[in-house]
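J.: sequence plus the predicted model coming up.
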Amino acid sequence: MLEDGAGALWIGTMAHGLFRYDGRSVEKVETSHLNVGSLVEDREGNIWAGTFGGGLNRLRPRAMDLMGKQSGLPFESVVSLCQDADGKFCVVGTNGQVARGNRTTWSLLPAAESAACVAADRQGTLWVGTRGQGLRAIGLRGGQVRTWWQRDGLQSNSIRAVLVAADDSVWFATNGLVSLGHLSQGKIRTFPVPPNVRNIRALVQDARGEIWIGTSDGQVLKVSGDKLVSDPGLARSVATSVRCLHATLDGGLVIGYAERGIGLLKDGRYARLSAAEGLIDDSIWQIASDRLGALWLAGAHGLCRVDLNNAIAVAEGREKKLRSTLYGYEQGLPNLQPHYGNAPAVCQSTDGRVLFSTSLGVLALTPQNLRGNAVLPPVMLERVKVDDHDVALRASRFPLRRTVATHLVELDSSGVTLRLPPDHRKFAIDFAALSYSAPENVRFRYRLDRFDNEWSTPGSERSATYSRLPAGNYTFRVIASNDAGVWNEQGATLAIAVSPFVWQTWWFRVGLLGAFTALVAAVVRFLSFQRLRANLRRAEQQAALYQERARIARDIHDDLGGSLAHVKLLSEIAVRDRAIAETADDPVRQITTTTQQMLKSLDETIWAINPRNDTLPNLISYLGQHAVEFLRAGGIQCQVDLPDHPPEHPVNSDVRHHLFLVVKEALTNVVRHSGARTVNLRVTIEGAVLHLVIEDDGRGIERMPDDALADGVRNMRQRITSIGGDFRIESSNGAGTRIELRVRVAGAA
């Protein structure tokens, strides 16, 4: 039995597990084994339970909860979510289904198929943006369903983002034909977007009631009258995708960028914060805030907490560094991936929880259960290595060590000075800080007095390495902070003395001066003989140089001269024949055509074998460039839709070779047989799979009487099958042709 610092009573049993009594109710606490034998509370407020058969358990209030398949959610991956007027959550899966429920009970909404995003108003209506099925309004209490289509005023039947404004009107962004729409009192109003906008990924309404949109090409625009304009204080200096937007209660706007951190816009002033200012992750996919004044940033590395006031102070220059904390496995966060691209992807529930859309379901965060840690982490020096050999160790003479190293300097001793030889190449110091709450969030700063001008940037690295130091006396200092950002300013120190080389001593310099005087006469005589020998060597080298120049002249005359004579002969023939007529057999024309074909083939061959091109971004870029240039030469318009930042997956040359030849054959068939005016080339990355679609608006293929065309399709299918991919072709007479490829590319090196 144990009473913790908050006055709660912890009771361990021999067969029924662990229980916690807070004075009002008894709660059963989950442990790895039902036989709990001992309990203790550490200085950071963690409860440790020792079990018979289940090891040691660390217990703390649960701050993160995952609502996924294990809690009854009909699907696993969630892309959009909201809380409706009845307090239930509505979540959208990647399969286009919408589930409604709470922590343990979920049911599917049958009228919400092909869903992409959801938002709820205060009247009990769920607004569902769909993939190709328009904008749908579902009455959650009465069951009424109404759908708006293109014939009703939509620019496209595909909806990527939806937002219910404070006045219960609905804002939505269409995909395909990109536009921003506003639905109020049954009427749809469309706002034109700039011509270079490819996708709208985020919608938000700020505290002043203004509507903001974020685009995949890095723009942040707001609705002003009948137009979309940029705020005067928002300089578009970040040429990367905007993945999410978040409005703060003080009227500010937080912008989440792909690989460029966050942007803060408030009162017309804009600032960008990244890893250079202390942000843990520069790739921001989702942003939310809690009732305690903290920003929560979800990205590829997990969930990061940033104090909003601290972020504003850093943006305004009043503070230097962000106090950001990464939450992972130690805080109950499973290994999951947040989603972006559909809005809304986060929401705050009425009970203060913050919910995130992830690949494993809905991550529910309870910020009030994340306790602050005011305990200073003890800092200690663990080991010092000089040229990869141990020279100092903490507790080097500890009795339980297998080998007691008596020759090592003991780092636990007070007033110890580490002496380094003058010829050392490098030395490294390992250090550590003790924290049970979240060891992965411990941050260190260090400096070497008389060598470093300032402290190092806070980081999780637990070692400092220096190259050879000049002779002199130094002091190494290291400090650490816990997961709450509380720094132990006293830290640990180590005095270091570097001995001088022999030639750096005073007696060596005096002896050197005397020896120099005695050698002057001998040096003068020696130099005179050296000058004579040098003149002789120069004469020999000059003769050898003349012979080499003569040889090079003969080689140029015999080899390059013969080649130039051949070219001159071809040119004379071309000039003589051209005086007669320009025909298909014109030698000049043949030379030009052949040269162009050789250059094109050579370019494709170099691209195929060059190992620098063995990455997915280079493959996608080359396919898009080839399609545009090839179709432009055939008089066909090409529309290309490529991913913004494809992952740096390696792709082997065999896969690249077959993919390129299939795309080339498909485009050749379009130019020769389709009679198309427009071709769409679309590439998407689905995990480890490249999905490529080529569509044209030509006459289509009812049957294949042309043997060349049939052989081409058969060859394309065989190529894709040989690299483990999937090939599909869909066509009908007068309806165009669609070719779809799916090939696994990730990990192909």
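T.: Thanks, I have it. Numbering: from 1, shown residues only.

J.: quote the end-to-end distance of stretch 494-513.
T.: By C-alpha to C-alpha, to the nearest Å, the extent of stretch 494-513 from end to end equals 38 Å.

J.: contacts for it, please.
T.: Applying C-beta atoms under 8 Å, 6 or more residues apart in numbering, the contact partners of stretch 494-513 are 381, 384, 411, 415-424, 429, 448, 469-476. Just so you know, the C-beta spots here come from the backbone N, C-alpha and C atoms, and that holds for glycine as well.

J.: domain map for this protein?
T.: The record assigns the chain these domain ranges, following automatic domain parsing: 2-61, 65-367, 379-500, 503-532, 587-744.

J.: these: which one's closest to Q541?
T.: Ranking the domains of the chain by proximity to Q541 (C-beta to C-beta) places domain 503-532 first, at 15.3 Å.

J.: save the domains of the chain as JSON lines, and put in distance to E540 and mean pLDDT too.
T.: Listed next are the domains of the chain as JSON lines, based on distance: least, C-beta to C-beta, whole Å; pLDDT from 0 to 100:
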{"stretch": "domain 2-61", "distance to E540": "81", "mean pLDDT": "81"}
{"stretch": "domain 65-367", "distance to E540": "60", "mean pLDDT": "89"}
{"stretch": "domain 379-500", "distance to E540": "41", "mean pLDDT": "86"}
{"stretch": "domain 503-532", "distance to E540": "13", "mean pLDDT": "85"}
{"stretch": "domain 587-744", "distance to E540": "45", "mean pLDDT": "80"}
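
J.: any idea which of those is most buried?
T.: Stretch with highest mean neighbour count among these: domain 65-367 (a mean of 19; mean count of other C-beta atoms under 10 Å).

J.: now that one: how far from the chain's centre is it?
T.: 19 Å (C-alpha atoms, centre = their mean, to the nearest Å).

J.: helices of the stretch 501-650 of the chain, start to end?
T.: Assigned by DSSP state H, counting those that start in this stretch, the stretch 501-650 of the chain shows helices spanning 506-555, 561-578, 587-609, 616-633.

J.: so what secondary structure elements neighbour the last one?
T.: Using 3 or more C-beta pairs under 8 Å, 6 or more residues apart in numbering; DSSP states H and E as the contact definition, the elements that helix 616-633 packs against are strand 637-641, helix 653-669, strand 678-686, strand 689-696.

J.: what do you get if the cut-off is 7 Å, keeping everything else the same?
T.: Where contact means 3 or more C-beta pairs under 7 Å, 6 or more residues apart in numbering; DSSP states H and E, helix 616-633 is packed against strand 637-641, helix 653-669, strand 678-686.

J.: then it to CSV, C-alphas only?
T.: Output of helix 616-633 as CSV, limited to C-alpha atoms (Å, rounded to 0.1, in the frame of the first residue of the first chain):
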residue,chain,number,x,y,z
LEU,A,616,11.7,8.1,-57.0
PRO,A,617,11.6,11.9,-57.4
ASN,A,618,14.0,11.7,-60.4
LEU,A,619,11.9,9.0,-62.0
ILE,A,620,8.6,10.9,-61.6
SER,A,621,10.2,14.2,-62.8
TYR,A,622,11.7,12.5,-65.9
LEU,A,623,8.4,10.8,-66.8
GLY,A,624,6.5,14.1,-66.6
GLN,A,625,9.1,16.0,-68.6
HIS,A,626,9.2,13.3,-71.3
ALA,A,627,5.4,13.2,-71.6
VAL,A,628,5.1,17.0,-72.0
GLU,A,629,7.9,17.2,-74.6
PHE,A,630,6.8,14.2,-76.6
LEU,A,631,3.1,15.1,-76.7
ARG,A,632,4.0,18.8,-77.5
ALA,A,633,5.9,17.5,-80.6
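
J.: thinking again about what came up before, of the domains of the chain, which is nearest A544?
T.: Nearest of the domains of the chain to A544, taken as C-beta to C-beta: domain 503-532 at 19.6 Å.

J.: got JSON lines for the helices and strands packed on helix 616-633, with distance to Q541 too?
T.: Below are those laid out as JSON lines (distance: least, C-beta to C-beta, whole Å):
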{"stretch": "strand 637-641", "distance to Q541": "60"}
{"stretch": "helix 653-669", "distance to Q541": "48"}
{"stretch": "strand 678-686", "distance to Q541": "61"}
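
J.: looking at the ones you listed, which is nearest to A298?
T.: Closest of the helices and strands packed on helix 616-633 to A298 is strand 678-686, at 20.0 Å (criterion: C-beta to C-beta).

J.: tell me the SS of A112?
T.: Put simply, A112 is coil when judged by DSSP: H, G, I helix; E, B strand; the rest coil.

J.: show me what contacts it?
T.: V98, V128, R136, I138 (C-beta atoms under 7 Å, 6 or more residues apart in numbering).

J.: what's opposite the closest residue to the third one other than its chain neighbours in the beta bridge?
T.: In space, R136 comes closest to V128 once its chain neighbours are excluded; the distance is 4.4 Å by C-beta to C-beta, 6 or more residues apart in numbering. Partner residues in beta bridges with V128: V118, R136, with DSSP bridges as the criterion.

J.: go on, V26?
T.: Applying DSSP bridges to V26 gives these bridge partners: Y21.

J.: verify the stated contact: it with G17.
T.: No - counting by C-beta atoms under 7 Å, V26 stays clear of G17, with 11.8 Å between them.

J.: tell me who's in contact with the residue nearest to the spatial centre of the chain.
T.: With distances taken as C-alpha atoms, centre = their mean, the residue of the chain nearest its centroid is S283 (5.0 Å). Counting by C-beta under 7 Å, 6+ apart, S283 makes contact with A258, E259, G299, A300.

J.: and it, how far from N473?
T.: In this view, S283 and N473 are 44 Å apart by C-beta to C-beta, to the nearest Å.

J.: for G129, same thing?
T.: Counting by C-beta to C-beta - G129 and N473 are separated by 68 Å.

J.: repeat that for A161.
T.: Distance, A161 to N473, by C-beta to C-beta: 62 Å.

J.: who's in contact with the residue nearest to R136?
T.: Applying C-beta under 7 Å, 6+ apart, we find V128 in contact with V98, A112, A115, V118, R136, I138.

J.: any chance of CSV for those, columns distance to A288?
T.: Shown next, in CSV, are the contacts of V128 (distance: C-beta to C-beta, whole Å):
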residue, distance to A288
V98, 21
A112, 24
A115, 21
V118, 16
R136, 26
I138, 25
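
J.: the top strand by length along the chain pairs with which strands?
T.: For the chain, the strand reaching the highest residue count under DSSP state E is reported as strand 487-498. Strand 487-498 pairs in its sheet with strand 417-420 (parallel), strand 472-481 (antiparallel), by DSSP bridges.
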